[in-house]
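# Predicted model, plus sequence, below.
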Amino acid sequence: MINIVFFGTPAIGLKSLEYLNNSDKFNVLAVVTQPDKPAGRGHKITMSPIKQYALANNIPVFQPKSIRKEPEIQNELKKLSPDFFVTFAFGQILSQDVLDIPKFATINLHASLLPKYRGANPIQRAIINGDKETGICTMITELGLDCGDVCLREVIKIPDDMTCVDLFNEISEKSPVLIEKTLIGLVDKTLTPQKQSEDGVCMANKLTKEETQIDWTKSAEDIHNLVRGIYKSPSAYFIHNGKIIKVLETKVIKEDGDCAKFIKVSKDGVEVGCGKDCILLVKVKPEGKGEMFARDWANGQQIFTKSK
């Protein structure tokens with residue numbers, strides 16, 4: 001049986017932890033996750049999904065503020081004598097002292113086909129950039145940012161209507177088996193990690209507030225990709241009458257229209273002119289209100305007479 005410590009925080013790693021914990025091939029010795037923090041409108045102190053699962057399944061939990069600076073936790077992890085650390089969206093950078101603890105290696109599941117999209121937002125960036133495919137890979141964690149040798153990878157297609165939430169869910173579903181194959185392959189030496197090529201390296205940097213505001217001078221396709229790429233997290237938006245209007249669903253309309261102008265409203269939505277083609281706003285979330293069809297928002301605003 002392979003002894004592991006699982007490092008993770010958000011829900012994307014939950015299926016992997018559950019899979020490993022339920023397997024007779026692995027023994028999850030402990031979980032390391034981020035400290036509890038305020039969440040939601042009420043700012044209630046909330047445990048991470050990974051911690052919630054661990055507690056429900058009697059798995060010891062460690063919650064360092066910064067594991068690099070907490071030798072006490074490092075010593076506790078050493079006492080467990082793990083074969084591997086498995087990290088999946090943990091949210092902290094590991095020092096060499098931490099990486100050296102497991103017998104074999106620290107393995108990271110990264111949500112892109114490295115060396116493309118190293119960094120914090122590979123899921124969102126792939127969709128925002130209009131990529132037709134992305135993927136997942138396992139790698140040997142090194143001190144540099146997502147630069148370790150790649151163990152295994154799997155390609156995931158990105159349909160034109162896929163959102164970041166859809167891709168998040170697919171990555172969550174496909175990751176457990178890839179992690180399993182990686183750990184077993186490294187133990188029985190049937191897997192040889194490969195160095196990443198320096199060709200094609202690009203970063204998936206965190207999104208800025210400025211990037212989330214819709215620029216109507218861009219093409220309708222670019223705007224559609226932005227809406228999909230940050231769907232509800234945090235959502236693309238525009239300003240109308242001083243209010244933030246988040247855009248949740250769109251379609252590209254292959255016709256010309258005056259840039260940044262509302263063209264018409266129909267039962268399908270609100271058509272807006274872009275730098276190239278037009279975009280149909282299907283669902284929006286106005287400031288202070290719930291999600292609604294864009295046509296209902298537009299009619300309520302009396303932007304123009306409803307077209308038949």
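Nice, thanks for sending it over. Numbers count the residues shown, from 1 in each chain.

# Pull out the buried positions in the helix or strand of the chain with the lowest mean pLDDT.
One helix or strand of the chain scores below all others by mean pLDDT, DSSP states H and E: strand 37-39, with a mean of 84. Within strand 37-39, no residue is scored as buried using 16 or more other C-beta atoms under 10 Å. Using the backbone N, CA and C atoms, a C-beta is placed for each residue, glycine as well.

# Could you list the paired strands of it along with their orientation?
Paired with strand 37-39 in the same sheet, following DSSP bridges, are strand 44-46 (antiparallel).

# downstream neighbour of the strand it pairs with in the secondary structure list?
Reading on from strand 44-46 to the C-terminus, the next helix or strand found by DSSP states H and E is helix 49-56.

# Which neighbouring elements make contact with that following helix?
Counting contacts by 3 or more C-beta pairs under 8 Å, 6 or more residues apart in numbering; DSSP states H and E, helix 49-56 packs against helix 14-22, strand 26-32, strand 61-62.

# mind listing what His240 touches?
Contact analysis of His240 by C-beta atoms under 8 Å, 6 or more residues apart in numbering lists Gln301.

# where does it land on pLDDT?
Per-residue pLDDT puts His240 at 94.

# do Phe304 as well
At Phe304, the model reports a pLDDT of 63.

# Ok, Leu178 next?
On the pLDDT scale, Leu178 is placed at 98.

# which SSE is it in?
Assigned by DSSP H and E, Leu178 falls within helix 164-187.

# ok, and what's touching the next helix or strand after that helix?
The C-terminal neighbour of helix 164-187 among helices and strands, as given by DSSP H and E, is helix 209-212. Outside helix 209-212, the residues within contact range by C-beta under 8 Å, 6+ apart are 226, 230, 234-237.

# again, 10 Å this time
Applying C-beta atoms under 10 Å, 6 or more residues apart in numbering, the contact partners of helix 209-212 are 124, 128, 205, 226, 229-230, 234-237, 246.

# Output that helix in CSV with nothing but the alpha carbons.
Extracted in CSV, the C-alpha atoms of helix 209-212 (Å, rounded to 0.1, in the frame of the first residue of the first chain):
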residue,chain,number,x,y,z
LYS,A,209,-10.3,43.6,-12.2
GLU,A,210,-9.7,45.4,-15.5
GLU,A,211,-9.7,42.2,-17.5
THR,A,212,-13.2,41.3,-16.3
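
# sorry, back to before: buried stuff in the helix holding Leu178?
Here helix 164-187 shows 164, 166-168, 170-172, 174-176, 178-183, 185-186 as buried, counting by 16+ other C-beta under 10 Å.

# Stretch 65-79 too?
Across stretch 65-79, burial judged by 16+ other C-beta under 10 Å covers 67, 73-74, 77.

# Low-confidence ranges, the protein, go.
Residues of the chain that meet the criterion pLDDT under 70 lie in 304-308.

# tell me the domain ranges of it?
2-187, 209-301 (automatic domain parsing).

# Mind putting those domains into a markdown table with distance to Gly200?
Conversion of the domains of the chain to a markdown table gives the following (distance: least, C-beta to C-beta, whole Å):
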| stretch | distance to Gly200 |
| --- | --- |
| domain 2-187 | 6 |
| domain 209-301 | 20 |
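
# This completes my enquiry, with thanks.
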